[in-house]
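> Requesting a structural model of the entry that follows:
(one chain, ligands or ions: 2)
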Amino acid sequence: MIEVQGMHAYYGKSHILQGVNLNIQEGEIVALLGRNGVGRSTTCKAIMGEVQPHGSVVFKGQEIAGKKAFEIANLGIGYVPENRDIFPGLTTRQNLILGLKPGQKDGAGRWSMQNMFDLFSNLNERADVEASVLSGGEQQMLTMCRTLMGDPDLVMIDEPTEGLSPQMTQKVAELLQEIAKRGISTLLVEQKLSIALDIAHRVYVMGHGQIVFEGTPAELKERDDVRKEWLEV
Ligand SMILES: Nc1ncnc2c1ncn2[C@@H]1O[C@H](COP(=O)(O)OP(=O)(O)OP(=O)(O)O)[C@@H](O)[C@H]1O
Ligand SMILES: [Mg+2]
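Ligands and ions are numbered 1, 2, ... in the order given. This next block holds a predicted model:
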């Protein structure tokens with residue numbers, strides 16, 4: 001689905017990404033782990049074209065490095081950033097509608113608004129209230145669902161479980177599994193190991209702007225050295 005090769009990115013003179021290589025297959029959940037500030041969010045932003053990537057990003061057979069963010073979104077990449085940016089003055093339903101691509105009708109893709117309401121009764125119950133009154137966990141569900149409404153083939157989800165209760169974390173995990181079941185690829189950025197090791201098919205660990213480990217969750221569990229050097233705080 002996506003193949004990133006030798007990707008570099010900069011903020012001004014700071015050289016943040018220093019040759020990132022990663023790939024994600026169809027329907028695969030791939031976790032991107034690492035400590036604060038190693039460049040996980042920058043990786044998402046560079047793939048999305050929000051930060052200029054240098055190197056190669058091939059999505060569905062097409063080079064997308066250098067394209068604009070809206071073009072990349074239209075090609076089928078969805079991005080759920082760290083800061084749950086709902087539209088607080090709009091209702092849950094209106095927020096979901098805003099996830100549709102220009103000209104896309106509700107239900108034309110793999111997801112419909114009714115789908116979201118069936119999957120998440122919290123959103124259903126709050127369909128017509130202002131999104132500002134939703135809990136943090138509900139807002140996280142809403143931003144994920146809004147992105148899915150645009151029917152992406154790949155979603156990048158940045159720290160979805162941060163600050164959530166165990167119950168809401170479980171809901172997020174269920175949604176991630178539902179996404180994979182529908183053949184959509186996921187890049188799951190996390191700091192915590194738990195959810196990533198439970199649901200990811202494969203794991204990358206990032207350190208200093210590079211991938212320092214790649215393997216299955218089972219392989220990472222065996223590697224105390226990798227966890228000590230790159231993950232534990
Ligand atoms: N807009 C920006 N301008 C300048 N430097 C930035 C900017 N955004 C991030 N950085 C720096 O780039 C580095 C990587 O940031 P990034 O957001 O990718 O980290 P991260 O792995 O997502 O970690 P976290 O989410 O915990 O901050 C950090 O050193 C950060 O301070
Ligand atoms: Mg981040």
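
> Show me the beta-bridge partners of the residue nearest the centre of the chain.
With distances taken as C-alpha atoms, centre = their mean, residue 157 lies nearest the centre of the chain, 1.6 Å away. Beta-bridge pairing of residue 157 under DSSP bridges involves residue 80, residue 188.

> which residues sit in contact with residue 35?
Shown in contact with residue 35 (C-beta atoms under 8 Å, 6 or more residues apart in numbering): 191, 207, 230, 231, 233. The C-beta positions use only the backbone N, C-alpha and C, and glycine is treated the same way.

> need the residues you listed in TSV with neighbour count and distance to residue 143, can you?
Listed next are those as TSV, based on neighbours: other C-beta atoms under 10 Å; distance: C-beta to C-beta, whole Å:
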residue	neighbour count	distance to residue 143
191	16	18
207	17	28
230	18	28
231	20	26
233	5	26
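
> Ligand 1: which of these is nearest?
Closest approach between the contacts of residue 35 and ligand 1, by C-beta to the nearest ligand atom: residue 191, at 6.5 Å.

> So the closest one sits against residue 34, correct?
Yes - shown here, residue 191 and residue 34 form a contact pair, counting by C-beta atoms under 8 Å, at 7.5 Å.

> Now the lengthiest helix in the chain: buried residues?
Across the chain, the helix with the greatest residue count (assigned by DSSP state H) is helix 166-181. Neighbour-count burial for helix 166-181, with 16 or more other C-beta atoms under 10 Å as criterion, is recorded at 168, 169, 171, 172, 173, 175, 176, 179, 180.

> Without its sequence neighbours, what residue ends up closest to the third one?
Right, the one you point to is residue 171. Residue nearest to residue 171 in three dimensions, not counting chain neighbours: residue 141, with 6.4 Å by C-beta to C-beta, 6 or more residues apart in numbering.

> Give the buried residues for the strand or helix carrying that neighbour.
Under the criterion of DSSP states H and E, residue 141 resides in helix 136-149. Residues 137-149 are the ones in helix 136-149 that count as buried (16+ other C-beta under 10 Å).

> Just confirm residue 9 contacts residue 17, I think it does.
Yes - proximity of residue 9 to residue 17 meets the contact threshold set by C-beta under 8 Å, at 4.0 Å.

> what do the two both touch?
Overlap of the contact sets of residue 9 and residue 17 (by C-beta under 8 Å, 6+ apart) consists of 39, 42, 43, 46, 53.

> Count the residues that sit near the third one.
Around residue 43 sit 29 other residues, with neighbours defined as other C-beta atoms under 10 Å.

> Just confirm it is within a helix.
Yes - under DSSP: H, G, I helix; E, B strand; the rest coil, residue 43 falls within a helix.
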